[in-house]
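Student: Pasted the sequence and its predicted model underneath.
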Amino acid sequence: MLITEEEVPQDIFLGDLNGAQYQAVTASAQRLLVLAGAGSGKTRVLVQRIAYLLTQCGVLPHQLLAVTFTNKAASEMRHRIEKIVGNSSARLWVGTFHGLSHRILRTNAARANLPENFQIIDADDQLRLIKRLIQERGWDDEVCDPKRAMGFINRHKDEGKRANALGISSVPEVAMFTELYRLYEQHCQRTAVVDFAEILLRAYELWRDCPDVLTQYQQRFKHILVDEFQDTNTIQYAWLKLLCGTESNMMIVGDDDQSIYGWRGAKIENIHRFHKDFTDVVTIRLEQNYRSTSTILAAANALISNNASRLGKELWTQGIQGEKLTLYGAFNEIDEARFIVERIRQWCHGGGSFEDIAILYRSNAQSRVLEQALRQANIAYRVYGGLRFFDRAEIKDVLAYLRLLVNLNDDTAFERVINLPPRGVGERTLASIREIAKEKQISLWVAAKSYLPTIPLGRISNGLRQFFECVEDMLTQVNMLALSELMQYVLQKSGLFIYVKTQPGERTQARIENLHELVQAAGQFSNSHDEMYEQTSTHSSETLPSFLSEVALDAGDRDTEDGVCIKLMTLHSAKGLEFPLVFLTGMEDGLFPHHRCFHDRALLEEERRLCYVGLTRAMRKLYLTYAEKRAFAGLSGANRPSRFIDEIPTPLTESVNLNAKMPLPTSPAKRRTSPDALEDDFPFQLGQRVKHQRFGEGVILSGDGAGETARVQVNFAKEGKKWLVLAYAKLEPVEQ
DNA sequence: AACCATCGACTTTTT
DNA sequence: GTCGATGGTT
């Protein structure tokens, strides 16, 4: 019943691009800036341009580099390119900044001053390591807050600054963090691990310090295309600038109004710097929106116009005006959830599907109440952005063993598994081992080995010895077993599997399943690895290191299609997505915009951009809800509606129930769905002849609902009786 | 060394 | 309200 226009096969026929899109796809300018508004066909332009370069301009696949921020975006782009140009896309580089940098570091490890077997640590490992270093240095956690220290280190790496470049600060805390930064650098180098920020910084430094390596890449990549450019940070910009040099072509695509990662170091100013650093930049604006109703766009445009210093851009559409935004002031957060459930039902009653719907919120904690309400109402839902697959504890435990097999000096991995499953090696023993490691500047593994003969026989020495035997035995298997077999072997031999199985708790079953999935993932990895290199890997000495890298750089939350369900996520994770029906919840001053942003204009503007992102996710219908009272973080507070609501012109909105003090047993909304009569503004009459694109001509038999959920029953000459949602069906009246 | 209870903190999170 | 870290107890 629902026909989406998206099914139309992609080709490089350029006629169905609009003027601006066509310009962007075919521009010959060496430096191209595409300001792509929400829903303006940004990805399409990127993909088409690549196809255009390959097929029309004689550019070879290996001369192209497309950079994105997420693996998801990268793989989507790759698939769409493949659809058009086929397997000649194999030599094309499409990837994330991190993925590409990692690849460059692997091929040039020695030149980058990295051991061949270096491994990647994630944020969690990084924090553990920093904590340990703080302890070792003899500082107090209270004085030297590990999280802030980590922020300090990462911030500086993102800015391209090494500890040595920081100088000596007279501010004690800065001096302390700087020293820790230096210790951290040394430790990572010694144990051959790199964190996320390091991957980028190293790749940048490699190019900066080895002109021959840089030249090689510069000569290869004639065309560089960058997606979501507004999210680039200082080091990523420097990376691009260096790689591009003076000869290569670069197209950057972005939207300053959707920059929502400033707090992570993203610099909108990079768009201005692009203008300054490169001459003759041609700017193209994609402002025609193919996603939302004109009402939704008007609201979004009005909101974002409150931000100063924009590059300037106004979305417009040829599409329908659609329904007004609905504003609901709930009594409390439970009432808010109740209202949402009711409107979800209404949508579905009108022929809509759960799949159309997203509920967005500012912070993850807000999902709980919503989930409760949805569960009670028996509505299938999925919460996005929770713990990612490879971040799960049981997964990371197995991976830590595997990491040790690649590099025995990986202290982070050692710490994780030395007493897992528990084998009697506790905090005390570990402290002694750390002490030795610190004194002799050796890894924990080596330190523990030298420590073992010095302790009396007993529980501790048994545990340690057992650990060594276990890991060394696994080590001999690396050259014998395929990756997934090795993983199973590790699970058995370490005792992890039994341990997980026998641990009490509700999550046991899920954990076991996760472990099975990991083994499966390993099998899949070796298969695709073999395909790529046209070989059969009988052992994992080769596949294991690449598997670990891949896993570290990929969250692994593949889009598992788990049925028809509504989606719950933060505004941040909604960026880039679209949904017919969107609920923007918790629209309260203090929550959104967050109270921590009140005092700072720049922060407040980022919140406003976040709101803009939220509004522009909606295709057909948008609800904004807030709760006058909300229990949050254990305490309840009274809230004013978000200032962002005030920034949306009132003619674009309709308020429901704004003065309700109690949840009403029957809300006015229920009455609107009554099927007994067609509403006044219903665009069709009973008995009217209509024409449908696919079903042909027919007669309206009946109808119900209103506005976006309005639907009609049509008796088609060929297809018989069908219910159609007016918003989708694009029925045309037939003159009689 | 392992376990349990109490305390406190609490935006957002592509890699 | 819930998670994680910490500290005291067994």
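Tutor: On my side now, so go ahead.
Student: on contacts alone, who are the packing partners of the helix or strand that contains residue A:469?
Tutor: Per DSSP states H and E: residue A:469 is located in helix A:459-478. With contacts taken as 3 or more C-beta pairs under 8 Å, 6 or more residues apart in numbering; DSSP states H and E, helix A:459-478 sits against helix A:393-406, helix A:444-451, helix A:483-494. (Each C-beta comes from the backbone N, C-alpha and C, glycine too.)
Student: List the buried residues of that helix.
Tutor: Neighbour-count burial for helix A:459-478 flags A:460, A:461, A:463, A:464, A:467, A:470, A:471, A:474, A:477, A:478 (criterion: 16 or more other C-beta atoms under 10 Å).
Student: hmm, back to that, nearest to DNA strand B among the helices and strands packed on helix A:459-478 would be which one?
Tutor: Ranking the helices and strands packed on helix A:459-478 by their distance to DNA strand B (criterion: C-beta to the nearest atom of the strand) puts helix A:444-451 first, at 12.6 Å.
Student: and that closest one, does that touch DNA strand B?
Tutor: No - using C-beta under 7 Å from any atom of the strand, we find that helix A:444-451 stays clear of DNA strand B, coming within 12.6 Å at best.
Student: Does anything pack onto that helix? Which helices or strands?
Tutor: Short answer (3+ C-beta pairs under 8 Å, 6+ apart): helix A:444-451 packs on helix A:411-417, helix A:427-440, helix A:459-478.
Student: burial measure for the residue of chain A found nearest DNA strand B, as a count.
Tutor: Chain A approaches DNA strand B most closely through residue A:426 (1.8 Å), counting by C-beta to the nearest atom of the strand. Residue A:426: 14 surrounding residues under other C-beta atoms under 10 Å.
Student: Residue A:136 too?
Tutor: Residue A:136: 15 surrounding residues under other C-beta under 10 Å.
Student: so what's it up against?
Tutor: Taking C-beta atoms under 8 Å, 6 or more residues apart in numbering, we find residue A:136 in contact with A:434, A:438.
Student: secondary structure class for it?
Tutor: The assignment at residue A:136 comes out as helix when based on DSSP: H, G, I helix; E, B strand; the rest coil.
Student: now do residue A:625
Tutor: Look at residue A:625: counting by three-state DSSP, its state is strand.
Student: From residue A:586, how far off is it?
Tutor: Separation of residue A:625 from residue A:586 (C-beta to C-beta, to the nearest Å): 8 Å.
Student: overlap in contacts of those two?
Tutor: Shared contacts of residue A:625 and residue A:586, defined by C-beta under 8 Å, 6+ apart, are found at residue A:336.
Student: Which residue ranges make up the domains of chain A?
Tutor: What the record gives for chain A is the domain set A:2-108+A:201-288, A:119-191, A:325-380+A:564-655, A:391-550, A:675-733, from automatic domain parsing.
Student: In a markdown table: these, plus mean pLDDT.
Tutor: Shown next, in a markdown table, are these (pLDDT from 0 to 100):
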| stretch | mean pLDDT |
| --- | --- |
| domain A:2-108+A:201-288 | 90 |
| domain A:119-191 | 90 |
| domain A:325-380+A:564-655 | 93 |
| domain A:391-550 | 86 |
| domain A:675-733 | 56 |
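Student: quick one on the thing from earlier: out of the buried residues of helix A:459-478, who's nearest DNA strand C?
Tutor: So of the buried residues of helix A:459-478, ranked by how close each gets to DNA strand C (C-beta to the nearest atom of the strand), first place is residue A:460, at 16.6 Å.
Student: neighbours around the nearest residue to the closest one once chain neighbours are set aside, how many?
Tutor: Excluding the flanking residues, the one nearest residue A:460 by C-beta to C-beta, 6 or more residues apart in numbering is residue A:429, at 5.4 Å. When counting by other C-beta under 10 Å, one arrives at 20 neighbours for residue A:429.
Student: same deal with the one 3 residues further on?
Tutor: In terms of burial, residue A:432 registers 15 neighbours under the definition other C-beta under 10 Å.
Student: do you know how far the closest residue to it other than its chain neighbours is from residue A:468?
Tutor: Nearest residue to residue A:432, sequence neighbours excluded (C-beta to C-beta, 6+ apart): residue A:451, at 6.3 Å. Separation of residue A:451 from residue A:468 (C-beta to C-beta) stands at 11 Å.
Student: Give me the common contacts of those two.
Tutor: The contact sets of residue A:451 and residue A:468 do not overlap (C-beta under 8 Å, 6+ apart).
Student: could you say which helix or strand contains residue A:637?
Tutor: Per DSSP H and E: residue A:637 is located in strand A:635-638.
Student: As a check, name the ranges of all helices in the stretch 151-300 of chain A.
Tutor: A:172-191, A:196-209, A:211-220, A:234-244, A:269-277, A:294-304 (DSSP state H, counting those that start in this stretch).
Student: Which of those sits closest to residue A:408?
Tutor: Comparing the helices of the stretch 151-300 of chain A by their distance to residue A:408 (C-beta to C-beta), the top pick is helix A:172-191, with 9.8 Å.
Student: Alpha carbons only: can I get that closest one in PDB?
Tutor: The C-alpha coordinates for helix A:172-191 follow below in PDB (Å, rounded to 0.1, in the frame of the first residue of the first chain):
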ATOM      1  CA  PRO A 172      49.400  23.200  39.000                       C
ATOM      2  CA  GLU A 173      46.600  21.200  37.500                       C
ATOM      3  CA  VAL A 174      47.700  21.800  33.900                       C
ATOM      4  CA  ALA A 175      51.300  21.000  34.900                       C
ATOM      5  CA  MET A 176      50.000  17.800  36.500                       C
ATOM      6  CA  PHE A 177      47.900  16.800  33.400                       C
ATOM      7  CA  THR A 178      50.800  17.600  31.100                       C
ATOM      8  CA  GLU A 179      53.100  15.300  33.100                       C
ATOM      9  CA  LEU A 180      50.500  12.600  33.000                       C
ATOM     10  CA  TYR A 181      50.100  13.100  29.300                       C
ATOM     11  CA  ARG A 182      53.900  12.600  28.800                       C
ATOM     12  CA  LEU A 183      53.800   9.400  31.000                       C
ATOM     13  CA  TYR A 184      50.800   8.200  29.000                       C
ATOM     14  CA  GLU A 185      52.500   8.800  25.700                       C
ATOM     15  CA  GLN A 186      55.600   6.800  26.900                       C
ATOM     16  CA  HIS A 187      53.500   4.000  28.200                       C
ATOM     17  CA  CYS A 188      51.500   3.600  25.000                       C
ATOM     18  CA  GLN A 189      54.600   3.700  22.900                       C
ATOM     19  CA  ARG A 190      56.300   1.000  25.100                       C
ATOM     20  CA  THR A 191      53.300  -1.300  25.100                       C
END
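Student: can you give me phi and psi for the residue of chain A closest to DNA strand B?
Tutor: When read as degrees, to the nearest 10, the backbone of residue A:426 gives phi -100, psi -170.
Student: Next up, the contacts around it.
Tutor: A:419, A:460.
Student: Which of the helices of the stretch 151-300 of chain A has the highest mean neighbour count?
Tutor: Across those, the average number of neighbours (mean count of other C-beta atoms under 10 Å) peaks for helix A:294-304, which reaches a mean of 23.
Student: Pick out the residue of the stretch 1-150 of chain A closest to DNA strand C.
Tutor: Residue of the stretch 1-150 of chain A nearest DNA strand C, by C-beta to the nearest atom of the strand: residue A:141 (5.3 Å).
Student: Just say helix, strand or coil for that residue.
Tutor: When the rule is three-state DSSP, residue A:141 gets the label coil.
Student: wait, it sits on residue A:132?
Tutor: No - shown here, residue A:141 and residue A:132 do not form a contact pair, counting by C-beta atoms under 8 Å, at 11.3 Å.
Student: Give me the more crowded residue out of the two.
Tutor: Legend: neighbour count by other C-beta under 10 Å for residue A:141 and residue A:132, higher for residue A:132 (19 against 12).
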